[in-house]
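Asks: The sequence isn't on hand, but the structure is:
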């Protein structure tokens, strides 16, 4: 099996496909992955070639097909501020990554390339403008784009967390096309009403909104309760929440 253990797709396993494109914002992807695993969800992970370069640049961590589980554990242990052991269970190796399957981005015969593969849906976090264009136009130039096209044609949830600023006219038109096709367009725009005290809080807010769009429960951020200033009162002097 390409990049994956025997047994994927059997025994009732229905994963969320998580695509990571080359846009800046790999901490967003890490937070979404931790949130899915914490919720007990299975994950099929597709990291584009460009995303591997971005991951190396932003974290110093490689992502290698032959050592993907080890590399994934180190990546998920790293906080948004670059702290290598911020998430202790991943840093110690005690976190269970058995629910994750990795598919190389060049493997167009992989499970998520087919509509008959039993996936729940897909989250692209972060989504570059090139990725947005490829999905909107149905190019399917790699597994990430192909899996997104399959998700749309099968009418499954697709969350596209675009990370770019400013946005040009062509990208805006591509995003409208994705919205028309049924995708949730979710700009990586953190909010501040939740009382962020750490960069991880801002990252977790975006990740939490992506999980909200997918219908996955989490406790990544403080929800609005209609109380002005409530976020500041809740978080002053406290460390960032750990998913």
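Replies: Yep, it's here. These figures come from a predicted structure and were not determined experimentally.
Asks: tell me the mean pLDDT over the longest helix along the chain?
Replies: Counting by DSSP state H, the longest helix found in the chain is helix 199-214. For helix 199-214, mean pLDDT is 98.
Asks: Could you pull out the buried residues of that helix?
Replies: Within helix 199-214, the residues scored as buried using 16 or more other Cβ atoms under 10 Å are 200-214. Any C-beta I mention is one placed from the backbone N, CA and C, and that applies to glycine too.
Asks: Likewise for stretch 183-195?
Replies: Buried positions in stretch 183-195, judged by neighbour count with 16+ other Cβ under 10 Å: 183-188, 190, 193-195.
Asks: Narrow these to those in strands?
Replies: 184-185 (DSSP state E).
Asks: quick revisit: pull the residues that contact the longest helix of the chain.
Replies: Helix 199-214 has contacts (Cβ atoms under 8 Å, 6 or more residues apart in numbering) with 16, 27-28, 31-32, 34-36, 39, 79-81, 86, 120-121, 123, 125, 157, 159, 161, 184, 186, 188-192, 194-196, 217-218, 220-221, 235, 240-241, 243.
Asks: Can you identify each of the strands in this structure by residue range?
Replies: With DSSP E, the ranges of strands along the chain come out as 16-20, 43-47, 100-102, 121-127, 158-162, 184-185.
Asks: Please pull out the lowest mean pLDDT helix or strand from this protein.
Replies: Counting by mean pLDDT, DSSP states H and E, the chain has its least confident helix or strand at helix 230-235, which shows a mean of 61.
Asks: end-to-end on stretch 157-175?
Replies: End-to-end span of stretch 157-175 (Cα to Cα, to the nearest Å): 15 Å.
Asks: if I look at residue 130, how far off is residue 158?
Replies: Using Cβ to Cβ, to the nearest Å, we find residue 130 at a distance of 17 Å from residue 158.
Asks: Compare the two (neighbour count), which wins?
Replies: Per other Cβ atoms under 10 Å, whichever of residue 130 and residue 158 has more neighbours is residue 158, with 27 against 18.
Asks: Residue 147 is in contact with the more buried one, correct?
Replies: No: counting by Cβ atoms under 8 Å, residue 158 does not reach residue 147; the two are 9.4 Å apart.
Asks: So for those two, which residues contact both of them?
Replies: residue 122.
Asks: Give me the distance between the closest residue to residue 186 other than its chain neighbours and residue 71.
Replies: Spatial nearest neighbour of residue 186, excluding adjacent residues (Cβ to Cβ, 6 or more residues apart in numbering): residue 161 at 4.8 Å. Distance, residue 161 to residue 71, using Cβ to Cβ: 22 Å.
Asks: the more surrounded of these two?
Replies: Counted by other Cβ under 10 Å, residue 161 and residue 71 do not tie: residue 161 has more neighbours, with 26 against 19.
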